[in-house]
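Chemist: Sequence first, then the predicted structure, then my questions.
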Amino acid sequence: MAVPTKEELRAALASRHGEEIQQKFEKASVAVCGAGGLGSNVSICLARAGVGRIKIIDFDTIEPSNLNRQQYTADQVGLPKAEAMAGNLHKINPYCQVEAHVMKITPENIPGLFDDVDIVMECFDNPVQKAILVNGVLENYPGKDLIAASGMAGMNSGNDIKTRKVARHFYLCGDTVSDVGAGLGLYSARVMICAAHEALKALQLIAGVED
Amino acid sequence: MIKINGKETAFTGGNLTSYLKAAGYDLTRVATELNGDIVPKARYDETVLKDGDSLEVVSFVGGGR
């Protein structure tokens, strides 16, 4: 089987999503901050939907312990996550414009980092890093949609994971309490539920769909 | 009374930093909104909570990347 042409793949996506929504997906530009358990799954959801541009930002490399929940393959161990994910997304949707940035986000480099995206997605693991990104975006980009996550560790019910609108442009996904620092494990199924909540909220915002 | 994360709470005054510390929050892990606006971290000390305020505190836990 040959790789579908851009027109063929676009028509296929529009047949599933609807033409009007597909046009919105194509025009959208989303930053995914962190390409681990959350960010790898979020990126794949967005690329499969046909989101036009995805900016992946991550400073880390793939380790064997990531393979239980992060969307990489065993032969990618050692590669920078942002670049490996750009390659994986290209295989899924070669017409999605993916930018890989191998860098650490700090309070100093947040201004300017998100000028060219519609939505910022917080997909980090460290709670201090999460707070740095969320505060930085809320302070520097008050009108920009921000989707963050907190609480997806352990094996409690997936039904505890929810999406909450915290402020006009700020959404929080997760159960808000299950902390990996409390000795809970991380299991792909539950992390994926939280990632799917984040990705769905992004697609809703792009499509203009309210809950 | 002020509304904190949707619940009416008795509060006797003070700044945001003192409230968050007294409530047991780790200040490096939170983001706060007061009456719909983000409070920059640098202004926590000077932000005084008043009767009728509505405060949202988001405290992050680990896991995800």
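Modeler: Nice, I can see it. Treat the numbers as computed from the prediction; the structure is a model and nothing was measured.

Chemist: any low-confidence regions in the chain?
Modeler: Chain wasn't specified; assuming chain A. Scanning chain A for pLDDT under 70 picks out no residues.

Chemist: Oops, wrong one, chain B.
Modeler: Applying pLDDT under 70 to chain B flags residues B:64-65.

Chemist: What ranges does the chain have for its strands?
Modeler: Went with chain A since none was named. Secondary structure of chain A (DSSP state E): strands located at A:29-33, A:53-57, A:97-101, A:119-122, A:145-149, A:162-167, A:170-174.

Chemist: not what I meant, chain B
Modeler: Counting by DSSP E, the strands of chain B are B:2-4, B:7-9, B:30-34, B:37-38, B:54-59.

Chemist: Out of those strands, the one nearest A:Ala149 is which?
Modeler: strand B:54-59 (11.1 Å; C-beta to C-beta). Where you see a C-beta, it was placed from the backbone N, CA and C, and this is true even at glycine.

Chemist: So in that sheet, which strands flank that closest one, and in what orientation?
Modeler: strand B:2-4 (parallel), strand B:30-34 (antiparallel) (DSSP bridges).

Chemist: neighbouring contacts of that strand?
Modeler: Applying C-beta atoms under 8 Å, 6 or more residues apart in numbering or on different chains, the contact partners of strand B:54-59 are A:127, A:134, A:148, A:150, A:166-167, A:172, A:176, B:2-5, B:16, B:19-20, B:23, B:25-26, B:29-36, B:49.

Chemist: Got a PyMOL select line for the buried ones in those residues?
Modeler: Filtering the contacts of strand B:54-59 down to the buried ones (16 or more other C-beta atoms under 10 Å in any protein chain shown) takes a single PyMOL command:
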select buried, (chain A and resi 127+134+148+150+166+167+172+176) or (chain B and resi 2+4+16+19+20+29+30+31+32+33+34+49)
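
Chemist: Would you point out which residue is most central in chain A?
Modeler: Relative to the mean C-alpha position of chain A, the nearest C-alpha, by C-alpha atoms, centre = their mean, is the one of A:Val42, at 3.4 Å.

Chemist: Quick check: it touching A:His197?
Modeler: No - A:Val42 lies out of contact with A:His197 (C-beta atoms under 8 Å); the separation is 9.6 Å.

Chemist: need the helices for chain A, in chain order.
Modeler: Under the criterion DSSP state H, helices of chain A are mapped to A:6-17, A:19-27, A:37-49, A:81-92, A:127-140, A:188-207.

Chemist: okay, those in CSV with distance to A:Arg69 next?
Modeler: Shown next, in CSV, are the helices of chain A (distance: least, C-beta to C-beta, whole Å):
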stretch, distance to A:Arg69
helix A:6-17, 27
helix A:19-27, 26
helix A:37-49, 4
helix A:81-92, 13
helix A:127-140, 17
helix A:188-207, 4
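
Chemist: Same list, these, but as a markdown table with distance to chain B please.
Modeler: Output for those, formatted as a markdown table (distance: least, C-beta to the nearest C-beta, whole Å):
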| stretch | distance to chain B |
| --- | --- |
| helix A:6-17 | 27 |
| helix A:19-27 | 24 |
| helix A:37-49 | 4 |
| helix A:81-92 | 9 |
| helix A:127-140 | 4 |
| helix A:188-207 | 7 |
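
Chemist: winner for burial among the ones you listed?
Modeler: Comparing these by mean neighbour count (mean count of other C-beta atoms under 10 Å in any protein chain shown), helix A:37-49 comes out on top with a mean of 26.

Chemist: and the angle from it to strand A:29-33?
Modeler: Helix A:37-49 runs at 160 degrees relative to strand A:29-33, counting by axes from the mean of the first three to the mean of the last three C-alpha atoms, to 10 degrees.

Chemist: which strands and helices sit next to helix A:37-49?
Modeler: strand A:29-33, strand A:53-57, helix A:81-92, helix A:188-207 (3 or more C-beta pairs under 8 Å, 6 or more residues apart in numbering or on different chains; DSSP states H and E).
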